[in-house]
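Novice: coordinates only, sequence not included:
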Ligand code: NAP
């Protein structure tokens, strides 16, 4: 019996790789996206080619009404959730703190922190044995930036990911006795479109000399770690933060 997984921001990058690998490992997968339905449908096609059921679901993770509608739709079309990957995330252009606006910080925390908390809340309402669920696993995408601080670039993003680290730790303890494991991944420099969205399309090439293994990582290398944390092979692993960062 295939379990049901929701991946936020599943239409590209690390999220898309996670959706496809999850289907290969036996999950049915809901692919969340904001605007690009074509990209999400393409991921659904890959899920179905791997033998899984796929569902593209539109929602901005920082919008409570849209998120609640998304969880209802996933439940009615695929069944109750057993896995959530809080992957949706954004950066902004490089700046110093004394150049940043409140509007920028609000977007950074709304999507990266509150979006993850909101999706985790809705997942727990379906998965927790206290709510009649079967248990499950949550993986939160943090970043190596939470350890490095990203000075002069985007320390608001780093601070938001630091919040994800604390959130992962607290939530893991809170729901451990209700059949739910909660872990985090801290990717390092991974080759996706996120860097171009922050105005630095060549960021991975520019900084790879700083990585001990001397290269950027791939979305699939992060997905492999996410899928392991979701799986029964990680049945005694909760409250862990796994660095997938080539030693950086
Ligand atoms: P990406 O290629 O830019 O993809 C981001 C995904 O998030 C897209 O599918 C995007 O959907 C979605 N998204 C953005 N805002 C959203 C919102 N408000 N609601 C729902 N979905 C939203 O990013 P990535 O590199 O794969 O990163 C994935 C995660 O890993 C993020 O949390 C990021 O912070 C973290 N991470 C990445 C790196 C790296 O080097 N790449 C390093 C450390 C941590 P649309 O296409 O609809 O915009």
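Specialist: Done, it's in. Only a predicted model underlies this, so the values are computations on that prediction, with no experimental measurement involved.
Novice: with adjacent residues omitted, what lies nearest to residue 86?
Specialist: residue 116 (4.0 Å; CB to CB, 6 or more residues apart in numbering). Where C-beta positions appear, they are placed from N, C-alpha and C, glycine not excepted.
Novice: then residue 114?
Specialist: residue 62 (5.9 Å).
Novice: quick one, longest helix in the protein?
Specialist: For the chain, the helix with the greatest residue count under DSSP state H is helix 155-175.
Novice: pLDDT (mean, whole number) over the next helix or strand after that helix?
Specialist: Using DSSP states H and E, the helix or strand that directly follows helix 155-175 along the chain is strand 180-187. Strand 180-187 shows a mean pLDDT of 98.
Novice: what are the pairing partners of strand 180-187, and which direction each?
Specialist: strand 136-141 (parallel), strand 241-244 (parallel) (DSSP bridges).
Novice: residues in the chain within reach of the ligand, list them.
Specialist: Residues of the chain lying close to the ligand (CB under 6 Å from any ligand atom) are 8-9, 11-15, 32-36, 60-62, 87-90, 111, 115, 141, 143, 187, 189-190, 192-194, 197.
Novice: and the residues you listed, which of them are in helices?
Specialist: Short answer: these in helices (DSSP H) are 13-15, 115, 194, 197.
Novice: in a markdown table, list those residues along with pLDDT and distance to residue 74.
Specialist: What follows is these, written out as a markdown table (pLDDT from 0 to 100; distance: CB to CB, whole Å):
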| residue | pLDDT | distance to residue 74 |
| --- | --- | --- |
| 13 | 98 | 21 |
| 14 | 98 | 20 |
| 15 | 98 | 15 |
| 115 | 98 | 16 |
| 194 | 95 | 25 |
| 197 | 94 | 26 |
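Novice: PyMOL command to pick out the buried ones of those residues?
Specialist: The following PyMOL line selects those of those that are buried, judged by 16 or more other CB atoms under 10 Å:
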select buried, resi 13+14+15+115+194
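Novice: can you tell me which of the ones in helices among the residues of the chain next to the ligand is closest to the ligand?
Specialist: For those, the residue nearest the ligand by CB to the nearest ligand atom is residue 13; the value is 2.3 Å.
Novice: got a pLDDT number for the residue nearest to the spatial centre of the chain?
Specialist: Geometric centre of the chain, nearest residue: residue 87, 1.5 Å, by CA atoms, centre = their mean. On the pLDDT scale, residue 87 is placed at 98.
Novice: I'd guessed it sits against residue 11; true?
Specialist: No: checked against CB atoms under 8 Å, the pair residue 87 and residue 11 is beyond contact range at 10.3 Å.
Novice: show me where pLDDT drops low in this structure?
Specialist: For the chain, no stretch has pLDDT under 70.
Novice: the strands in it, which residues?
Specialist: 3-7, 27-33, 54-58, 83-86, 136-141, 180-187, 241-244 (DSSP state E).
Novice: out of those strands, deepest packed?
Specialist: Sort the strands of the chain by mean neighbour count, taking mean count of other CB atoms under 10 Å, and strand 83-86 sits at the top with a mean of 30.
Novice: tell me what it is packed against?
Specialist: Packing partners of strand 83-86 (3 or more CB pairs under 8 Å, 6 or more residues apart in numbering; DSSP states H and E): strand 3-7, helix 13-24, helix 115-127, strand 136-141, helix 219-230.
Novice: and for residue 211, the neighbour number?
Specialist: 18 (other CB atoms under 10 Å).
Novice: also residue 147?
Specialist: Neighbour count for residue 147, taken as other CB under 10 Å: 18.
Novice: give me the nearest residue to it, chain neighbours excluded.
Specialist: Closest residue to residue 147 apart from its sequence neighbours, by CB to CB, 6+ apart: residue 186 at 6.9 Å.
Novice: how near is the residue lying farthest from the centre of the chain to residue 193?
Specialist: Using CA atoms, centre = their mean, the residue of the chain lying farthest from its centre is residue 98. It sits 29.0 Å away. As judged by CB to CB, to the nearest Å, residue 98 and residue 193 stand 28 Å apart.
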